[in-house]
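Chemist: Curious how this folds, go ahead:
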Amino acid sequence: MIRIRNYHKTIITLHILMIYFNLLIVIFYGGVYLLSTRYIIQNEMSRAFLDKLTYIPHHPLYVFFGSIILYGILMLIIYYRHTHKNFREQWNIIYSCLEVFLCFILIYLLYMGYNGVILLVFCDCILYMREDKSTMGMLVGLVIIYLLSNYDVFSPFVHMTDPDAYFEAFSSSLRGLLMISRNILETMNILLFICFIILYIGNQIEENENIAKELDMINQVNQELRNYAAITEKIGEDNERKRLAREIHDTLGHALTGIAAGVDACIAMIDIDPKATKQQLIVISKVVRQGIGDVRNSLNKLRPGALEEHGFQGAIESMIEEFTSVSDLKIDFNYTLEHVDFENTKEDVLFRAIQESITNSSRHGHATHIQIDIYQQDNTLYLKIKDNGCGCDDIIQGYGLKQMRERIGMINGEVYYDGSDGFLTTIKIPMQRGENCD
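Modeler: The predicted structure is shown next:
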């Protein structure tokens, strides 16, 4: 991070140096045009100077002050962009276009004698515009303008004075000094531009390497979290198995032991005292019923709490609300069953199937919309879950889909998967007479 900050500070410093160097060059060109005009008038060289020109030049004061004013406006825009960096992309494009426009007018005002100010605008654009098609188009346009903004290119199409004529108006010694000064200033501007681009590219490479390292660290953290989640899930499963084992041992095991002992007693007593045997069988019957009740209570603890609290339809609606409140998923739920009294097992299976499908659509399919339909046709209940995710041509059933198929099979149902257009899960369950809606 320290290296990136140093890169950025150096880039900003070079950018500021380019701003002041270009201001010096603009003043230099405007001053040459102004002073050469006065030199020509004072030495009565006007006729000879005009004979060399194809077109009458602009007023030198207009060129001098106009170019400085235009460059001052350009500096204000650059400064404003530097102090207000959090622009919307549209405003960045507008400011860049305005800089290009001012830049071109300034070059035209200086008779296409100097176009290095385009390099300054180029640097300003890549500093504050994002990397997208509009930015690339803007930069390509600037390169084209830089290559074409030359007196030799424009003079055949636009009436323009030759800028070299102003330098040639001076004596050879003074002209040589001015030409050397111009070359030094323009060369320094190009060198600053080259250094700026090199540092900018180095800064981008450094940032990309840091981003790659951070992404790698994030991937490692995600992998560790997945491993931790898997271990936690495994621990939870083991704890649940132990709890179920305790429940079975304490309820069903106890009941079966009592029943076995009672049956043995009945076998021994039936020939001796049938009446006492009958009383014993009554006791055994109570123990069996009590054991059945205990097992049912243990199984009810495994039911989703939402089913116990809200019922089947309300539990699904509550689950959908939980998913949509923590994600960008849009889930449409169409429930057209009326007065249906499901068995607890079927409610559990259908609830888990919907839960698993929504999770898969969000995690693996990256879906943004899910349609859930539950309806009855003839003596069959249909559950269809359709998403707009990426789908898959070759469906490989993982643990979740296999578990869903096994659960549906336990209640004599059928499940079908289709990944050709998003992902569609279709479940068919036969309805018993007591479950059919009127």
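Chemist: Is the most far-flung residue of the chain relative to its centre in a helix, a strand, or coil?
Modeler: Using C-alpha atoms, centre = their mean, the residue of the chain lying farthest from its centre is I272. It sits 84.1 Å away. Here I272 is recorded as coil under DSSP: H, G, I helix; E, B strand; the rest coil.
Chemist: Torsion angles phi and psi at it?
Modeler: phi -90, psi -50 (degrees, to the nearest 10).
Chemist: Kindly provide the distance from it to Q280.
Modeler: Separation of I272 from Q280 (C-beta to C-beta, to the nearest Å): 12 Å. The way it works is simple: take the backbone N, C-alpha and C, and place the C-beta from them, glycine included.
Chemist: Ok, H82 next?
Modeler: 97 Å.
Chemist: what does I395 give?
Modeler: 58 Å.
Chemist: For the stretch 301-438 of the chain, which segments are assigned as helices?
Modeler: Applying DSSP state H, counting those that start in this stretch to the stretch 301-438 of the chain gives helices spanning 305-325, 344-363, 399-410.
Chemist: Please identify the most buried of the ones you listed.
Modeler: Here the criterion is mean neighbour count by mean count of other C-beta atoms under 10 Å, and of these the winner is helix 344-363, at a mean of 19.
Chemist: Next, the angle helix 399-410 makes with that helix.
Modeler: Angle, helix 344-363 to helix 399-410, by axes from the mean of the first three to the mean of the last three C-alpha atoms, to 10 degrees: 160 degrees.
Chemist: Helix 344-363 - what's its average pLDDT?
Modeler: Taken as a whole, helix 344-363 has a mean pLDDT of 81.
Chemist: do the same with stretch 92-110
Modeler: pLDDT averaged over stretch 92-110 gives 85.
Chemist: for it, the distance to its chain's centre please.
Modeler: Centroid separation for stretch 92-110 versus its chain: 34 Å, with C-alpha atoms, centre = their mean, to the nearest Å.
Chemist: Ok, stretch 153-161 next?
Modeler: Worked out by C-alpha atoms, centre = their mean, stretch 153-161 lies 49 Å from the chain centre.
Chemist: List the contacts of it.
Modeler: Contact with stretch 153-161 is made by 53-58, 108, 111-112, 148, 151, 162, as judged by C-beta atoms under 8 Å, 6 or more residues apart in numbering.
Chemist: Can I get that stretch in CSV? Just the C-alpha atoms.
Modeler: Extracted in CSV, the C-alpha atoms of stretch 153-161 (Å, rounded to 0.1, in the frame of the first residue of the first chain):
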residue,chain,number,x,y,z
VAL,A,153,-1.7,18.7,-42.2
PHE,A,154,-4.3,21.4,-41.6
SER,A,155,-3.1,24.2,-43.7
PRO,A,156,-4.4,22.8,-47.1
PHE,A,157,-7.9,22.7,-45.6
VAL,A,158,-8.0,25.6,-43.2
HIS,A,159,-6.8,29.2,-43.7
MET,A,160,-3.8,29.4,-41.4
THR,A,161,-0.6,31.3,-40.9
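Chemist: for the helices of the stretch 301-438 of the chain, which one sits closest to I11?
Modeler: Each of the helices of the stretch 301-438 of the chain has some distance to I11 by C-beta to C-beta; the shortest is helix 344-363, at 41.8 Å.
Chemist: by contact count, what packs against the closest one?
Modeler: In this structure, helix 344-363 packs against helix 305-325, strand 369-377, strand 380-387, helix 399-410, strand 423-430, with contacts taken as 3 or more C-beta pairs under 8 Å, 6 or more residues apart in numbering; DSSP states H and E.
Chemist: pLDDT weak spots in the stretch 251-400 of the chain?
Modeler: Low-confidence segments of the stretch 251-400 of the chain (pLDDT under 70): 251-258, 261, 287, 290-291, 293-310, 325-327, 339-342, 344, 399.
Chemist: if you go through the stretch 101-250 of the chain in chain order, where are the helices?
Modeler: 117-128, 133-148, 151-154, 164-168, 172-248.
Chemist: can you list these in a markdown table and add mean neighbour count and mean pLDDT?
Modeler: Output for those, formatted as a markdown table (neighbours: other C-beta atoms under 10 Å; pLDDT from 0 to 100):
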| stretch | mean neighbour count | mean pLDDT |
| --- | --- | --- |
| helix 117-128 | 22 | 84 |
| helix 133-148 | 14 | 74 |
| helix 151-154 | 14 | 72 |
| helix 164-168 | 18 | 83 |
| helix 172-248 | 12 | 82 |
